[in-house]
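>>> Any chance you could fold what I've pasted below:
(chains A, B, C and D)
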Number of protein chains: 2
Amino acid sequence: MRELPARRDLIREGDKPKSVNLVLEGWACRYKQLPNGRRQTVHFFVPGDLCDANVFILGEMDHSIASITPLKYAEIGPADFEALMAQSAEITRALWLNELVNAAVAREWVANVGQRTALERIAHVFCEMFIRLSSLGLSDGDSCDWPLTQTDLADATGLTAVHVNRTLQDLRGRGLVRTSGRRLVVPDLDALKRISMFNPNYLHLNRQSPGTR
Amino acid sequence: MRELPARRDLIREGDKPKSVNLVLEGWACRYKQLPNGRRQTVHFFVPGDLCDANVFILGEMDHSIASITPLKYAEIGPADFEALMAQSAEITRALWLNELVNAAVAREWVANVGQRTALERIAHVFCEMFIRLSSLGLSDGDSCDWPLTQTDLADATGLTAVHVNRTLQDLRGRGLVRTSGRRLVVPDLDALKRISMFNPNYLHLNRQSPGTR
DNA sequence: CGTCTGATTGAACTGATTCAACGGATGTGG
DNA sequence: CCACATCCGTTGAATCAGTTCAATCAGACG
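Now for the predicted structure:
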């Protein structure tokens, strides 16, 4: 069990991973940084998410993980992790599922950044996070926690913070989202899904057993 | 063992996957199509690649797979696949590695499409494919097979075919690549890597045992 | 209070798109 | 062997979505 303040690296690209991390409280992100300084966030982690199951199969990290909010997480060492895998076929299956969903999310993000307009991209991120949080029981009706700054959103969508700001105003103007402080309100999820062409199939939520979380 | 002509869907989004496919000859791609018709390619498969290891854990496909060239591939049913997994820890490990690398590639593509310029993106695709093919012994000195049309490249990079065309002319003008027919020539791989900020770490090639291929 | 971080605004600019046309190579059927 | 169709690459001109740079504003916090 460990804690980390907001905006700190948990693991950096190039490091040799020594453990699997399970997020208990707070948000984190996976990101890649190019030599020219530009940064791309490729995943957001919320409570219950496993960062990099089985990474010790790989030699070194090809991306970094950083906290967004203050973070509480559990560190699971290779030995414990292997033991967990050996314990039951159910758990192994759940870990496979976790990794397959991870890959599916990454692919969806490629399509998001590659094919959607700024408005659609941002709306898509809202959809994904709201739906993921809801499936974990971490939403409250039409609202959920929202610790992301506009710069965070920019890094995730491949846009500039300035343009994210303008696009958010558009989304708010259309009544699709409201953000008050650290909270996101989605008055009409269906409308948001429609405008962002959101298809939840890639999250494979129906397959997720409670044990996976 | 099966064959498929060029430009045909092998599996479509929404289908229930019934088998794992191993590409034996030719190129294929994984793609996602948005309701508005825009298409994003998220992976290229070359001989030796396993498409969607263990997908039967998931309920339905969240993307499609299509042949680019005429294709020869092996279909491995769930039973055979499970047997393979059970057979040895080595194989299980190799399958894990395969899936982890797949996810890593997808993440790199997010960064590619999200942060790189048109020139860098296209150069990056050239680097990735040339290096992957080389590691499989499928390149010949500074050249390799290149069955992708400019439209294929456009779908993979989130650009239009028109802009890919212009950018290719730029790349050729700088002497970074040559394309003659179905062949790609990379006279100076280091220069190409430099301009595309290519870091091969995400391919985890050093970890790939011959058995994985 | 001052300082810091994050949100907001304006104006000029540019990388990439769009649309429409054309050229060349390849293949096919009569 | 020619006529025709198709696929792919190429070009030009106009337009636009998103960037850049720079300044301002608002709230939080010691």
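>>> quick check: domain ranges of chain A?
Per automatic domain parsing, the domain ranges recorded for chain A read A:2-87, A:109-203.
>>> Output these in a markdown table, with mean pLDDT, distance to chain B and mean neighbour count appended to each entry.
C-beta here means a position set from N, CA and C on the backbone, and glycine is covered the same way. Output for the domains of chain A, formatted as a markdown table (pLDDT from 0 to 100; distance: least, C-beta to the nearest C-beta, whole Å; neighbours: other C-beta atoms under 10 Å in any protein chain shown):
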| stretch | mean pLDDT | distance to chain B | mean neighbour count |
| --- | --- | --- | --- |
| domain A:2-87 | 94 | 4 | 17 |
| domain A:109-203 | 97 | 3 | 18 |
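>>> what's the closest of these to DNA strand D?
Closest of the domains of chain A to DNA strand D is domain A:109-203, at 3.0 Å (criterion: C-beta to the nearest atom of the strand).
>>> So what would you say the end-to-end distance of that closest one is?
Using C-alpha to C-alpha, to the nearest Å, the end-to-end distance of domain A:109-203 comes out at 12 Å.
>>> if you look at stretch A:92-107, does any of it touch chain B?
Yes - Stretch A:92-107 reaches chain B (C-beta under 8 Å from any C-beta of the partner chain) through A:Arg93, A:Trp96, A:Leu97, A:Glu99, A:Leu100, A:Val101, A:Asn102, A:Ala103, A:Ala104, A:Ala106, A:Arg107.
>>> if you go through chain A in chain order, where are the strands?
Counting by DSSP state E, one finds strands in chain A at the ranges A:2-4, A:9-11, A:20-25, A:28-33, A:39-45, A:50-51, A:64-67, A:71-76, A:139-140, A:143-145, A:178-180, A:183-185.
>>> To A:Ala161, which of those strands lies closest?
strand A:39-45 (11.7 Å; C-beta to C-beta).
>>> Using CSV, list the CA coordinates for the closest one.
Taking C-alpha atoms only, strand A:39-45 is exported to CSV below (Å, rounded to 0.1, in the frame of the first residue of the first chain):
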residue,chain,number,x,y,z
ARG,A,39,2.9,14.5,-24.5
GLN,A,40,0.1,12.1,-25.2
THR,A,41,-2.0,10.6,-22.6
VAL,A,42,-3.1,7.1,-23.6
HIS,A,43,-5.2,6.0,-20.7
PHE,A,44,-6.9,7.2,-17.5
PHE,A,45,-6.8,5.0,-14.5
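>>> List the residues that contact A:Leu58.
A:Pro17, B:Leu97, B:Leu100, B:Val101, B:Ala104, B:His204, B:Arg207 (C-beta atoms under 8 Å, 6 or more residues apart in numbering or on different chains).
>>> What sits closest to the most centrally placed residue in chain A if chain neighbours are left out?
Central residue of chain A (C-alpha atoms, centre = their mean): A:Phe44, 1.9 Å from the mean position. Excluding its sequence neighbours, the residue lying closest to A:Phe44 (C-beta to C-beta, 6 or more residues apart in numbering or on different chains) is A:Cys29, at 5.3 Å.
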